[in-house]
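Novice: Build the 3D model from these lines:
(one chain, ligands or ions: 1)
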Amino acid sequence: MVERSQGNRAFGPRTRGCLTLVMALVTGTGWAQEALLDFASPGLAWTAAAVRTASESAAPPEFGSAATSAGGCVTHCAEIGRIWGELLAAARAHARLDQAPDWQLGVVQDDAVEAQSLPGGRVVLGEPFVRARALPEAQIAFVLAHEIAHVLHQHERHLLTAALALLPRDVPRTVADVYVEMDFNLALLRRLEVVMHQAELEADETALYLTALAGYPPADSLGFLETEAAGERPVAHVVSTHPAASVRLERARRFLPLAERLADYGQRQRDPLSDTEAGHRGTPFHGTDTSPAHTVRNSSTF
Ligand SMILES: [Zn+2]
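Specialist: Numbering: from 1, shown residues only. Sure, this is the predicted structure:
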């Protein structure tokens, strides 16, 4: 999602999604019937469509310059396209949404852009970021899955709803009105920090699950946060939109056992004849030889 815009809540859809997931794991039943990543979201301000429209109007310039196909990429086109397709397949199979996002990936040649997303399903990835960091496939997948997770969780809508709740009551406001407040009201942004941080942690967790379901070993995906944490330097922010990388890494590590289970499940779904639950561990089962061909249908802040 975009720099200023992340959101979440303490209880609700995310918790229910986890419970669905855990119950299925515990009982060993219901896999085929349940959506593993269930993010239905009641109790939010505005409609999802209104948030989509307003966010498109307020989108950073890189979304406007992003190509609408894989043509935006230069050096990693096939790799990025295949990973994107695999993640979308996993998201469509396991996330139950009231309104399906219009997924579009834009690849831009902008050194300042890492990855961002908009509520309607548009994701922008900076290819210079991929090159400069020499990101392996599992880490590219984690970066893209993190952005997909923001969309699945409707984090922008949650953040906007939290902002509305923090502003003076009884004044009708549009989404655009709240965006203006978030652009100029520093006190509001500071109060929203906790909401933004929670959304980032949540997106990391879901990214770990989504990449696992798509076939990427969770320990490999987590390598992205390990590198981030290792290179982190203390920086004072007026408003911090993201938790420290070390905090993100420590929290994400807690979900590794569950992600490993999902990786096993995803492997069996793709290949019913595959061996046991431990079949993928220590073996990079995800490879270009066996992955289905996907095409990026449409083409920095992480
Ligand atoms: Zn994020």
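
Novice: show me the contacts for the residue in the stretch 51-200 of the chain that the ion sits nearest to.
Specialist: The ion sits closest to residue 200 of the stretch 51-200 of the chain, with a gap of 4.8 Å, by C-beta to the ion. All C-beta spots, glycine's among them, are computed from the backbone N, C-alpha and C. Contacts here follow C-beta atoms under 8 Å, 6 or more residues apart in numbering; on that basis residue 200 touches 6, 241, 242, 243, 248.

Novice: and which of those residues is nearest residue 58?
Specialist: For these, the closest approach to residue 58 (C-beta to C-beta) belongs to residue 6, at 14.6 Å.

Novice: so what pLDDT did that closest one get?
Specialist: pLDDT for residue 6: 35.

Novice: Run a quick neighbour tally on residue 229.
Specialist: Neighbours of residue 229 under the rule other C-beta atoms under 10 Å: 15.

Novice: do residue 165 as well
Specialist: Neighbours of residue 165 (other C-beta under 10 Å): 10.

Novice: which parts of whichever helix or strand it is part of are buried?
Specialist: Following DSSP states H and E, one finds residue 165 within helix 155-166. Within helix 155-166, the residues that count as buried by 16 or more other C-beta atoms under 10 Å are 155, 156, 157, 158, 159, 160, 161, 162, 163, 164.

Novice: Let me see the contact set for the closest residue to the second one other than its chain neighbours.
Specialist: For residue 156, ignoring the flanking residues on the chain, the nearest one in space by C-beta to C-beta, 6 or more residues apart in numbering is residue 119 at 4.3 Å. Contacts of residue 119 were listed using C-beta under 8 Å, 6+ apart, and they are 1, 48, 51, 52, 55, 101, 151, 154, 155, 156, 157.

Novice: confidence score at residue 119?
Specialist: pLDDT, residue 119: 94.

Novice: about what we covered before: the helix holding residue 165 - contacts with which helices or strands?
Specialist: Applying 3 or more C-beta pairs under 8 Å, 6 or more residues apart in numbering; DSSP states H and E, one finds that helix 155-166 contacts helix 48-57, helix 175-184, helix 186-191, helix 193-214.
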